[in-house]
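Asker: Generate a structure from the sequence data that follows.
(one chain, ligands or ions: 1)
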Amino acid sequence: MPSSGARVQAAQPTAVAATVKTSKKRKRGESTPNPSDDQPGGLDFFDTAAKSNTRPAVQPKQEAVRDGKNDGSEQPGDEAPLSASMMPTMSDEEARAALKQHKLKVTLLNPTSSQAKQRRIVSFQDMRARFGISSRLAGNLDEQGYSAPTEVQMGALPILLDAPDHYLGRHSLVSADIVSVLSSNLLTVAPTGSGKTLAFMLPLLHRVQSRRHQDPIPTKAVSAIVLAPTKELVGQITNEGRKLAKGTGINVTQLRKGMRLSPPTRPSKNEAEDASQTSVMSGEPTIVKADVLISTPGLLQSMLSDERNSSRDALLNVQEFVLDEADVLLDPLFREQTLGVWRRLTNARLSVSLWSATMGSNIEELARTTIKDWQEQVGARNAESMQEAPFIRLVVGLKDSAVPNVEHKLIYAATEQGKLMGLRQLLHPASTPQSAGAPLLPPFLIFTQTIERAVALHSELLYDIPAEAGGIGRIAVLHADLTDTARDSVMTRFRRGEIWVLITTDLLSRGVDFRGINAVVNYDIPTSSAAYVHRIGRTGRAGRTGGVAVTLYSKDDIPYLKHVANVVAMAQKQEGSSTKQASVQPWLLDALPKLSKEKKQTLKKRGIESRTTRGKANDSKAVRGTRISSKAGFVKQVQNNRKGAILGSQRRAQAEALGDVGDDSDFAGFD
Ligand SMILES: Nc1ncnc2c1ncn2[C@@H]1O[C@H](COP(=O)(O)OP(=O)(O)OP(=O)(O)O)[C@@H](O)[C@H]1O
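Answerer: Presented below is the predicted three-dimensional model:
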């Protein structure tokens, strides 16, 4: 958890007047402001000095359940007695102290909304009764074996579970125009591996289930959508969703090519069976029967824009829209596709949630304006009794920072050849010099800048693991040019522990959860601080310690290293490792020039130019300088000549066998 760590003091409960604050930008590296500096009423959820690894000074207390509903605004005096073991809760003071201790910061982004309620954190035990979670869903959660919610779950679950749909359930005939409360929209920034998937999936399933219960003949239609940037992440979220939804009757589906989205229908059981049979027999695309649909934005958008595969009304019933890795989904790379899907969601009760470990202020602004425009568009704000839905920002720990429980190493390798040697030293314990520290323990991930470089590095390292230890089967490469089946197979083998070293591109830098990854190697430096945070976030997940993040850099990388050095320095500061040997040279932080905004953007888009095909085309010398190979140029030339001679000889032998011998038949070849 972000709040755990070595240097700690007990948190002091602070009396506060409001949860809404005007945010003040703090520069990276600046010390944490005094609560009284910029927080009205002395509110400071970020107090980094005041952290404790003891449990919060929170006493369980009885809590009321009012007819099974709870709008999160009850006062201690409202409470009706119930079994204390069932309903532990906190007073306002205690809740604030716990928020502060766990570095949870909750901000209402549209303070005009009258839904500015005091949100409270919960434990898994009290969640079921407090929010009316079904016993099946609660049982599935128990099966995951989590003893307590992580900090992002403490912060987000009450906000998302405490939604109007939950108690709308008992008034199933209430029409949208007399609903006075809209669901909250939420933007969450929480560290990598902090359990964001559960934080959005559990409330989503709960709300879908509540709606199904209020409808005697449930409408067959997609009810919630989760978007994620890569197929691998989509598959992982689908698995997590299915585990939680087991036995609830909720269908969690990963969208695939060849599927078709049909409009909401209320078929009888027989009709539904007939419909599915017809589509199979006629060879038409399979009709998606999902309640929860999980997809990449590109795939869903292309399906929606093809009228043969989706009806106009297909998403009419969607009430939850989750953007996982929202900063990427709203980045220019995916923006049009994501917004294209968003525009197709027209249900007035739609609630949107955005999740990531990093969130630029431009993305936050874009989210805010999109939500506002959307509300105007669907006329939600014009409906007489309808209020603007609250848009809440939840920040866990220090925004845009790397997890502090990972050891960061920046290793200077001078040249491309040096990087390869450095990597081999990390792979082979016997050759590891003292200075580089302990060798890396598999399994680990190696990131390169391009697919071409990932493939080249893979062929270079292919024989580095001895046959006795599994040989070439232990090392693999995964990138977007592989077929879906090959990608799935590599993922499965890596998860099973059959593959020890996986070389990849930024394709796997986001969201993918491989439990027990010991190290991440940045063979090519990440091209933004966010990319660094996400790449190295594949280790040290769910608070695990012992993970190592190694970044190899050459002379060419130095001008672009400042953003990485800054993140590393900040992570070390957070962890309180003043006594440890600092792995960041002070000059990397202080002496390097700041990159201009344009340069930063070009770097983010294209990476280090000399390592790209385009860069090589411009500068042939760069080809040699950035080639991933341990062989000298002369050796390569000899090998190529030999290969050519063998091929030539084979061709001639074939021609002779066919009796097709030309004028040069007297040439016997090099053999
Ligand atoms: N309450 C919990 N207690 C312990 N482990 C948990 C808990 N909730 C989730 N986890 C585990 O934490 C790991 C990381 O979870 P998850 O993949 O949701 O992280 P994330 O915050 O989405 O990370 P990223 O930003 O990299 O996408 C998973 O292995 C998950 O099983």
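Asker: give me every residue that touches the closest residue to the ligand within the stretch 251-400 of the chain.
Answerer: Closest residue of the stretch 251-400 of the chain to the ligand, C-beta to the nearest ligand atom: A357 (4.3 Å). Any C-beta I mention is one placed from the backbone N, CA and C, and that applies to glycine too. A357 makes contact with 189-192, 194, 400, 533-534, 537, according to C-beta atoms under 8 Å, 6 or more residues apart in numbering.
Asker: Contacting the ligand as well, which ones from the residues you listed?
Answerer: The residues of the contacts of A357 that also fall near the ligand, by C-beta under 6 Å from any ligand atom, are 190, 192, 194, 537.
Asker: Up against the ligand, what does the stretch 101-250 of the chain have?
Answerer: Residues of the stretch 101-250 of the chain lying close to the ligand by C-beta under 6 Å from any ligand atom are 146, 149-150, 153, 190, 192-198.
Asker: Could I have the buried ones of these as ChimeraX selection syntax?
Answerer: Selecting only the buried entries of these in ChimeraX, with 16 or more other C-beta atoms under 10 Å as the criterion:
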select :149,150,153,190,192,193,194,195,196,197,198
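Asker: Is A367 part of a helix or strand, or is it coil?
Answerer: helix (DSSP: H, G, I helix; E, B strand; the rest coil).
Asker: In the stretch 501-650 of the chain, where is pLDDT below threshold?
Answerer: 576-583, 591, 610, 612-626, 628-637, 639 (pLDDT under 70).
Asker: And the stretch 351-500 of the chain, by the same measure?
Answerer: Low-confidence segments of the stretch 351-500 of the chain, defined by pLDDT under 70: 379-388, 429-438.
Asker: so where do the helices sit in it?
Answerer: 361-377, 416-427, 451-461, 484-496 (DSSP state H, counting those that start in this stretch).
Asker: Who are the packing partners of the third one?
Answerer: Translated: helix 451-461. helix 416-427, strand 475-478, strand 501-504 (3 or more C-beta pairs under 8 Å, 6 or more residues apart in numbering; DSSP states H and E).
Asker: which of those is buried the deepest?
Answerer: strand 501-504 (a mean of 25; mean count of other C-beta atoms under 10 Å).
Asker: mind putting the residues of the stretch 101-250 of the chain next to the ligand in CSV, secondary structure and pLDDT included?
Answerer: Putting those into CSV (DSSP: H, G, I helix; E, B strand; the rest coil; pLDDT from 0 to 100) gives the following:
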residue, secondary structure, pLDDT
Y146, coil, 91
P149, coil, 91
T150, coil, 91
Q153, helix, 92
A190, coil, 95
T192, coil, 95
G193, coil, 94
S194, coil, 94
G195, coil, 95
K196, helix, 97
T197, helix, 97
L198, helix, 96
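Asker: for the residues of the stretch 101-250 of the chain next to the ligand, which one is nearest R242?
Answerer: R242 has its nearest neighbour among these in T197, at 12.2 Å by C-beta to C-beta.
Asker: The closest residue to P229 other than its chain neighbours: which element?
Answerer: Distances taken as C-beta to C-beta, 6 or more residues apart in numbering place V328 nearest to P229, at 4.7 Å, with adjacent residues excluded. Taking DSSP states H and E as the definition, V328 sits inside helix 326-329.
Asker: Could you dump the helices of the stretch 351-500 of the chain into TSV and include distance to the ligand?
Answerer: Shown next, in TSV, are the helices of the stretch 351-500 of the chain (distance: least, C-beta to the nearest ligand atom, whole Å):
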stretch	distance to the ligand
helix 361-377	15
helix 416-427	23
helix 451-461	20
helix 484-496	11
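Asker: Show me the shaky parts of the stretch 151-300 of the chain.
Answerer: The model of the stretch 151-300 of the chain has pLDDT under 70 over residues 163-183, 216-218, 265-287.
Asker: go again using 80 as the cut-off
Answerer: Along the stretch 151-300 of the chain, segments meeting pLDDT under 80 span 162-184, 214-220, 262-289.
Asker: any chance you could map the strands in it?
Answerer: Using DSSP state E, counting those that start in this stretch, the strands found in the stretch 151-300 of the chain span residues 185-189, 224-227, 252-254, 259-260, 286-287, 292-295.
Asker: picking that back up, can you give me the neighbour number for the residue nearest to P229?
Answerer: Here the number of neighbours of V328 (other C-beta atoms under 10 Å) works out to 26.
Asker: Touching, it and S356? I think so.
Answerer: Yes: using C-beta atoms under 8 Å, V328 is in contact with S356, at 7.5 Å.
Asker: Tell me the residues of the stretch 301-450 of the chain that contact the ligand?
Answerer: Residues of the stretch 301-450 of the chain lying close to the ligand (C-beta under 6 Å from any ligand atom) are A357.
Asker: Swap in 8 Å and give it another go.
Answerer: Applying C-beta under 8 Å from any ligand atom, we find that the stretch 301-450 of the chain lies next to the ligand at 324-325, 355-357.
Asker: Can you tell me which of the residues you listed is closest to E575?
Answerer: A357 (16.4 Å).
Asker: can you pull the contacts of the closest residue to that closest one other than its chain neighbours?
Answerer: Of all residues not flanking A357 in the chain, T192 sits nearest, at 4.5 Å (C-beta to C-beta, 6+ apart). Contacts for T192 (C-beta under 8 Å, 6+ apart) come out as 357, 402-403, 533-534, 536-538, 540-541.
Asker: Save the strands of the stretch 151-300 of the chain as TSV, and put in mean neighbour count and distance to D506 too.
Answerer: Compiled in TSV, these are given as follows (neighbours: other C-beta atoms under 10 Å; distance: least, C-beta to C-beta, whole Å):
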stretch	mean neighbour count	distance to D506
strand 185-189	25	20
strand 224-227	27	18
strand 252-254	22	21
strand 259-260	18	27
strand 286-287	16	32
strand 292-295	26	20
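Asker: how near is V455 to I503?
Answerer: Noted for V455: a distance of 8 Å to I503, by C-beta to C-beta, to the nearest Å.
Asker: Now do whichever strand or helix holds M303: everything it contacts.
Answerer: Element membership of M303, judged by DSSP H and E, is helix 297-305. Here helix 297-305 makes contact (C-beta under 8 Å, 6+ apart) with 225, 227, 229, 255-257, 259-261, 293, 309-310, 314-315, 329, 334, 336-338, 340-341, 344.
Asker: try stretch 492-505
Answerer: With C-beta under 8 Å, 6+ apart, stretch 492-505 has contacts from 427, 442-451, 454, 457-458, 461, 465, 470, 473-480, 490, 508, 514, 523.
Asker: 6 Å - rerun?
Answerer: With contacts defined as C-beta atoms under 6 Å, 6 or more residues apart in numbering, stretch 492-505 is touched by 442-443, 445-446, 451, 454, 457-458, 474-479.
Asker: Repeat that for stretch 517-532.
Answerer: 358, 440-441, 443-449, 535-536, 538-539, 548-553, 557, 563-564, 567, 603-604, 607.
Asker: Tell me the buried residues within the residues you listed.
Answerer: For those, a burial check counting by 16+ other C-beta under 10 Å picks out 358, 440, 443-449, 535-536, 538-539, 548-553, 557, 563-564, 567, 603-604, 607.
Asker: Can you lay out the residues of the stretch 301-450 of the chain next to the ligand as JSON lines showing distance to I250?
Answerer: Shown next, in JSON lines, are these (distance: C-beta to C-beta, whole Å):
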{"residue": "D324", "distance to I250": "18"}
{"residue": "E325", "distance to I250": "23"}
{"residue": "W355", "distance to I250": "20"}
{"residue": "S356", "distance to I250": "25"}
{"residue": "A357", "distance to I250": "27"}
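Asker: Let me know the closest of those to E240.
Answerer: Ranked by distance to E240 (C-beta to C-beta), those are led by D324 at 10.7 Å.
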